[in-house]
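1. here is my input; please provide its structure:
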Amino acid sequence: YELWCNMLRRCYSDSFKKKQPTYEGCKVCDKFKSYEYFYEWCHIQIGFANKDWQLDKDLLIKGNRVYNESTCVFIPKDINSLLTKSAASRGEHLIGVHWCNTNKAFVATVSKGKGKRERLGLFNTELEAFHAYKQAKECHIKEVANKWKDEIDPKAYEALMNYQVEIDD
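-> Have a look, this model is predicted:
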């Protein structure tokens, strides 16, 4: 019930969306608005009862804004956090890139989860730094997917293996 309420809150609470603007424009399909239907759907999904697993709406279809049975999947929290873009805190540069005044160069870093960040190097251009980030991030996502392969929904595994970092992420 709490999961259902939180899903509705993310989509329809103005105060929640003020704090979490990434949910602006998100919706819940008509079937999921019925608690009974949502309850039954959840109970036949891989990972639903697992501790620290979360309902995800946009892994299977990148950028999806609608919670429904064909786009939602349960995934471990550490997989879900891998895909968080943190656009609000990133600043003006491409994802995975920042400017280093000391070295007068662009720096690429990739998050390895749980606060671990790996510095990928210094680059003359922002685009070079982004490409280093893209390669490292996609590789890391595949490593994590393989770690969870036997536990997650095969659709989630496939989406992770095909995940591509885009320049406008």
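
2. ranges for the strands of the chain?
-> With strands called from DSSP state E, the chain shows them at 27-28, 53-56, 66-67, 73-76, 97-100, 105-111, 117-123.

3. partner strands of the fifth one and their direction?
-> Same thing as strand 97-100. strand 105-111 (antiparallel) (DSSP bridges).

4. how far does the strand it pairs with sit from the chain's center?
-> Chain-centre distance of strand 105-111: 19 Å, with C-alpha atoms, centre = their mean, to the nearest Å.

5. buried set for it?
-> For strand 105-111, burial by neighbour count (16 or more other C-beta atoms under 10 Å) applies to Phe106, Val107, Ala108, Thr109, Val110, Ser111. For every residue, glycine as well, the C-beta is placed using N, CA and C.

6. before we move on, back to that, just the strands of the chain: most buried one?
-> Among the strands of the chain, strand 73-76 has the highest mean neighbour count (mean count of other C-beta atoms under 10 Å), at a mean of 24.

7. phi first, then psi, for the nearest residue to Cys72 once chain neighbours are set aside.
-> The shortest distance from Cys72 to any non-neighbouring residue, by C-beta to C-beta, 6 or more residues apart in numbering, is to Lys57 (5.3 Å). Taking degrees, to the nearest 10, you get phi -110, psi -10 for the backbone angles of Lys57.
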